[in-house]
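A.B. asks: Below is the sequence, then the predicted model.
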Amino acid sequence: MVSIVLATYNGENFIKQQINSILAQDYQDFELIIQDDCSTDNTVSILNSYSKLDPRIKILKNERNLGYTKNFMTLLENVKGDFVFLSDQDDIWVKNKISASLEIFKKHKDAELLICSDEDFFYEEQILPKKENINYHYVYLPEILWSCSYKGCNMCLSANLVNNLLTEASKIDYIIAHDWFILCYAYCTSRILYTDKILLNYRIHDNNTSRKELLGNSKIQSRVAIINKQKKHIEWICKSMSSLFSVQDIKIIKDYLKLMDKRQKILANKKKFSAVRYIPELIKWNKYKKISKRIYGDIYMLFFEKNYRKCNNSNKQVEKK
């Protein structure tokens, strides 16, 4: 059996589609545990109607609003499955998300965290199609630092990993984000496997930050804000989880923080000639393609921000139609 944990808060607009996609899975031996974080809309009523129809669905209700991180972390305390899937309230699972994930785990028994790929869409409009090569690779620290964006809804964890990270979480005063904590802990203690197999349709809408970051990333100011948000996540590692990382890992983390500081200052300056200050960083981080790609993106924005703005405005116009 597998466990699926789903955290809800004011999700009445999309929760039915998410639950229906889970119930329609080609693997049916699961429990679905849903915890509502004091919704003020019709979410709880919808959840109750589903739980009456399917005994696999268990509904939990928080007495006070915990926020999405604590909501997910407390959900994990209730699982019984051999593997645990995290689910947001507004996505749509591909029909074989569970079965395909379990098949991958069978082939890679040393991995305890699997991260699948997804496709983004605005409401019902599909965007950003990805080529699915069905490749697999283990995730290493520079890739984690680059992204800060492996989302919980893309994760499947072994029961052993869940038990161990809950023990570790009890020692930490503050967890900045449940998926970031899971990612960092799994990197330090086990193996993380990533597949570009698309097993999830990730919804982007007015009420989630992904939409704002995707559309707002055209402006230098928004890009600086995103860098600052990522910095906070990485600084949290140094403060709360440094004992789990090797000395070499900590050095990489601190070097990457310096890079992010430099990127913020250069972008805030908004002067094209400032781009030359990126040259030493491109040399240093060149072997990490995804990190160097971010630097090239900064340079492009310094020179062609107007083009980014035009693209951003056209995206908004398309969305309104």
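C.D. replies: Okay, I see it.

A.B. asks: contacts for stretch 70-80?
C.D. replies: Contact partners of stretch 70-80, identified using Cβ atoms under 8 Å, 6 or more residues apart in numbering, comprise 1, 3, 5-7, 9, 31, 33, 35, 37, 58, 60, 62, 66, 84, 86, 152, 159, 162, 165-166, 169, 175, 178-179, 181. Just so you know, the C-beta spots here come from the backbone N, C-alpha and C atoms, and that holds for glycine as well.

A.B. asks: no, scratch that, I was asking about stretch 258-272
C.D. replies: Counting contacts by Cβ under 8 Å, 6+ apart, the residues outside stretch 258-272 that touch it are 220, 223-224, 227-228, 230-231, 234, 274-275, 277-278, 281, 285, 291, 294-295, 298, 301-303.

A.B. asks: Quick one: buried ones out of those?
C.D. replies: 220, 223-224, 227, 230-231, 234, 274-275, 278, 281, 285, 291, 294-295, 298, 301-302 (16 or more other Cβ atoms under 10 Å).

A.B. asks: so what's the backbone phi/psi at the residue nearest the centre of the chain?
C.D. replies: Nearest to the geometric centre of the chain sits K151, at 1.3 Å (Cα atoms, centre = their mean). With angles defined as degrees, to the nearest 10, K151 sits at phi -80, psi 150.

A.B. asks: do you know how far it is from D298?
C.D. replies: The gap separating K151 from D298 is 23 Å, by Cβ to Cβ, to the nearest Å.

A.B. asks: ditto for T69
C.D. replies: 29 Å.

A.B. asks: what's the answer for D41, then?
C.D. replies: In this structure, D41 lies at 40 Å from D298, with Cβ to Cβ as the measure.

A.B. asks: now P280
C.D. replies: Distance from P280 to D298, by Cβ to Cβ: 14 Å.

A.B. asks: and if you look at S190?
C.D. replies: Counting by Cβ to Cβ, the separation of S190 from D298 is 34 Å.
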